[in-house]
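Participant: just coords:
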DNA sequence: CCTGTGACCCATG
DNA sequence: GCATGGGCCACAG
């Protein structure tokens, strides 16, 4: 009964809210799950109305957290036990591919 | 209705 | 793996 919502923004927020703790989805995956390719639009929506959803569970295709919000996302990841992969120098991290989730 | 903008993605070198 | 260039799409004014 998942059909295209009237409001793309609402659909994004709903889907993000369904991502289980410890799991993540990329912007592109969310857009694709909604039958669209507007990965940027997903980011724009979260930037505007994502304050009330677990936005930190939405990452880039590279595995890095939202640009400019890596610090806050890290705190949530550590609290949820999300598998992370740290750079050799420990200056950066990325979410492990195994943490990726998809709606059913 | 038209234009600018963006918490992006992919192909290429 | 990084840098560059082009493309996609919905929202706001």
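Facilitator: Done, it's in. All values reported here derive from a predicted model rather than from experimental measurement.

Participant: Okay, residue A:44 and DNA strand C: tell me how far apart.
Facilitator: Relative to DNA strand C, residue A:44 is positioned 6 Å away (CB to the nearest atom of the strand, to the nearest Å). Just so you know, the C-beta spots here come from the backbone N, C-alpha and C atoms, and that holds for glycine as well.

Participant: Please apply the same query to residue A:35.
Facilitator: 8 Å.

Participant: Ok, residue A:40 next?
Facilitator: 5 Å.

Participant: do the same with residue A:93
Facilitator: Taking CB to the nearest atom of the strand, one finds residue A:93 at 13 Å from DNA strand C.

Participant: Please apply the same query to residue A:51.
Facilitator: Per CB to the nearest atom of the strand, residue A:51 is found 13 Å from DNA strand C.

Participant: Any idea which residue of chain A lies closest to DNA strand C?
Facilitator: residue A:38 (2.7 Å; CB to the nearest atom of the strand).

Participant: Could you tell me what pLDDT the model assigned to residue A:6?
Facilitator: Residue A:6 is assigned a pLDDT of 73 by the prediction.

Participant: quick one: which helix or strand includes it?
Facilitator: Using DSSP states H and E, residue A:6 sits in no helix or strand.

Participant: what about the residue nearest to the residue of chain A closest to DNA strand C when sequence neighbours are not counted, which SS state?
Facilitator: Nearest non-adjacent residue to residue A:38, counting by CB to CB, 6 or more residues apart in numbering: residue A:31, 5.3 Å away. Secondary structure, DSSP: H, G, I helix; E, B strand; the rest coil: residue A:31 is helix.

Participant: mind listing what residue A:31 touches?
Facilitator: Residues in contact with residue A:31, defined by CB atoms under 8 Å, 6 or more residues apart in numbering, are A:37, A:38, A:39, A:41, A:42.

Participant: Turn those residues into a markdown table, columns for secondary structure, neighbour count and pLDDT.
Facilitator: Shown next, in a markdown table, are those (DSSP: H, G, I helix; E, B strand; the rest coil; neighbours: other CB atoms under 10 Å; pLDDT from 0 to 100):
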| residue | secondary structure | neighbour count | pLDDT |
| --- | --- | --- | --- |
| A:37 | coil | 10 | 95 |
| A:38 | coil | 17 | 94 |
| A:39 | helix | 17 | 97 |
| A:41 | helix | 17 | 97 |
| A:42 | helix | 27 | 97 |
